[in-house]
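>>> kindly generate the corresponding structure for this input.
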Amino acid sequence: MEKRKVLLALVGGVSLGLLAARAPRQAAGADKPATPATKPAAAGTCKAHNGKACCDPAVAGHLPKEAVYKACGESDATFLGEEGSKDTCKYVFKVEGQKEDDTFVQVYAPAQKEVQSEPNDPFFSWKKVGKVFVTEKAKSPKAAPMMVNSTGLWLPGKGYFVSVNASTKVCSKTEAKKLAPEMK
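Model (predicted):
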């Protein structure tokens, strides 16, 4: 019985010691590094949509929302916010009579060891416009509705590629092509 009390006292003492050593680090914010979901945005730069995380500036930098405003005729008045995840930034806009799920311009920029020089897509054929590839037509009847609802843009980079999916409810096909020179 006596050994049990000594063991409990020892475990309790070690636990308190570890807790005391950890408390100053937590207070200073050194407990863990910020993640994209918890990283605070600079004041005035992020308008999160539906409680989602802000876009990673590295991803948003491939196609800034201001470029979408300019090419697609949108503005701060119609911009509902952004939804960010690891390699994706989705700009959501208000379009009269449309669901928010259908009114976006999405940027996807994953890191890649080897990047192809052009998109290899079984569903769409692509046409090169300057340095960017644009979806031209669907290769199957099942893919045709996607062509009606969005325009795809694709840009190869060094160690990454940038893919943009622009809803035709926000950006007409002609307007979406104006995004191509803005992609980085």
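
>>> domain boundaries for the chain, per the record?
Per automatic domain parsing, the domain ranges recorded for the chain read 1-32, 57-182.

>>> worst mean pLDDT among these?
Of all the domains of the chain, mean pLDDT reaches its minimum on domain 1-32 (a mean of 36).

>>> specify the local secondary structure of residue 181.
Here residue 181 is recorded as helix under DSSP: H, G, I helix; E, B strand; the rest coil.

>>> and the gap between it and residue 103?
For residue 181, the distance to residue 103 (CB to CB, to the nearest Å) stands at 23 Å. (C-beta placed from N, C-alpha, C; glycine too.)

>>> likewise residue 163?
Residue 163 is 19 Å from residue 103, where distance means CB to CB.

>>> equivalent analysis for residue 178, please.
18 Å.

>>> please identify which of those two sits among more neighbours.
Set side by side, residue 178 and residue 103 show more neighbours around residue 103, with 21 against 16, by other CB atoms under 10 Å.

>>> show me the contacts for the more buried one.
92-95, 167, 169-170 (CB atoms under 8 Å, 6 or more residues apart in numbering).

>>> are any of these buried, and which?
92-93, 95, 167, 169-170 (16 or more other CB atoms under 10 Å).

>>> which members of the residues you listed are the farthest-apart pair?
92 and 169 (11.2 Å; CB to CB).

>>> ok, what's across the strand from the nearest residue to residue 50 once chain neighbours are set aside?
For residue 50, ignoring the flanking residues on the chain, the nearest one in space by CB to CB, 6 or more residues apart in numbering is residue 83 at 6.8 Å. Beta-bridge partners recorded for residue 83 (DSSP bridges): residue 90.

>>> I'd like to know how many residues surround residue 83.
20.

>>> how much space between it and residue 166?
Counting by CB to CB - residue 83 and residue 166 are separated by 15 Å.

>>> mean neighbour count, the domains of the chain: which tops it?
Comparing those by mean neighbour count (mean count of other CB atoms under 10 Å), domain 57-182 ranks first with a mean of 16.
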